[in-house]
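Participant: Fold the following, please.
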Amino acid sequence: MKKLLSAGKIILGAGLIIIFLNACKNETKQEDPKEVAEDSNEAKFDSIENKKDDSEFLVDIAEVNLAEIEIGKLAQIKSTNPEVKKFGKMLVDEHTKSASEVSALAKSKNFTLPTSITEDGKEEYNKLNEKSGLDFDKKFADMMIDGHEKAIDDLTKASENAKDEEVRVWASNNIAGLTAHLQHAKMLKQDLDKK
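Facilitator: The predicted structure follows:
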């Protein structure tokens, strides 16, 4: 009888451990901040198509700002090239300012934005962080060219198509700054390609 009770306790204990481990394994993965923001905006503005499009634009710009800030910080830490470090600092400064403006604009429109770097941003950051030396600097310059070309394209479309006038004006006013970043990144790439 004692052996039967001991065996029962062991089986019960093992069962509880399995249930606990399964509960831990099934723990939900933290949602991507961009998806959370988009879902929130969709729920608010699903019936108002013009607000939905404008909110998606601001979510995308917020995502770019968050990634550029982190990548700029990484460039300042990891690069040994003074021009790359300088560009990284400029990114942090400019995109922090942009993030503040986008946040204020989104708040005035009742839009939700991601508040931390998104999964795509982390992926880009990690790809860059794997590099070192000249490879790091070249990858950084390539990322800055690609990222800024896409952002300029998004801003241009929003400056023409955004339904909200304030969103349209903000997008229009920020094309020149990002174009300057793009030109700077292209010059940086040319210098790095000579090495």
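
Participant: Identify the structural domains in this structure and state their residue ranges.
Facilitator: What the record gives for the chain is the domain set 1-28, 31-193, from automatic domain parsing.

Participant: Could I get the contacting residues of the spatially closest residue to residue 132 that is not a sequence neighbour?
Facilitator: Of all residues not flanking residue 132 in the chain, residue 78 sits nearest, at 7.1 Å (Cβ to Cβ, 6 or more residues apart in numbering). All C-beta atoms are positioned from the backbone trio N, CA, C, and that covers glycine. By Cβ atoms under 8 Å, 6 or more residues apart in numbering, the contact list for residue 78 reads 129, 132, 136.

Participant: What's the local residue count around the closest residue to residue 32 other than its chain neighbours?
Facilitator: Nearest non-adjacent residue to residue 32, counting by Cβ to Cβ, 6+ apart: residue 119, 4.5 Å away. By other Cβ atoms under 10 Å, 14 other residues sit near residue 119.

Participant: and residue 136, what does it touch?
Facilitator: Contacts for residue 136 (Cβ under 8 Å, 6+ apart) come out as 78-79, 84, 128.

Participant: hang on, the earlier thing: from the contacts of residue 78, which single one is nearest residue 105?
Facilitator: Residue 105 lies nearest to residue 129 out of these, by Cβ to Cβ, at 31.0 Å.

Participant: Compute the number of surrounding residues for the closest one.
Facilitator: Neighbourhood size, residue 129 [other Cβ under 10 Å]: 16.

Participant: quick one: it from residue 56, how far?
Facilitator: From residue 129 across to residue 56, the span is 29 Å (Cβ to Cβ, to the nearest Å).

Participant: Quick check: buried residues in the helix or strand residue 86 falls within?
Facilitator: Taking DSSP states H and E as the criterion, residue 86 maps to helix 82-109. Residues 84-85, 87-88, 91-92, 94-95, 98-99, 102-103, 105-106, 109 are the ones in helix 82-109 that count as buried (16 or more other Cβ atoms under 10 Å).

Participant: Lovely, talk soon.
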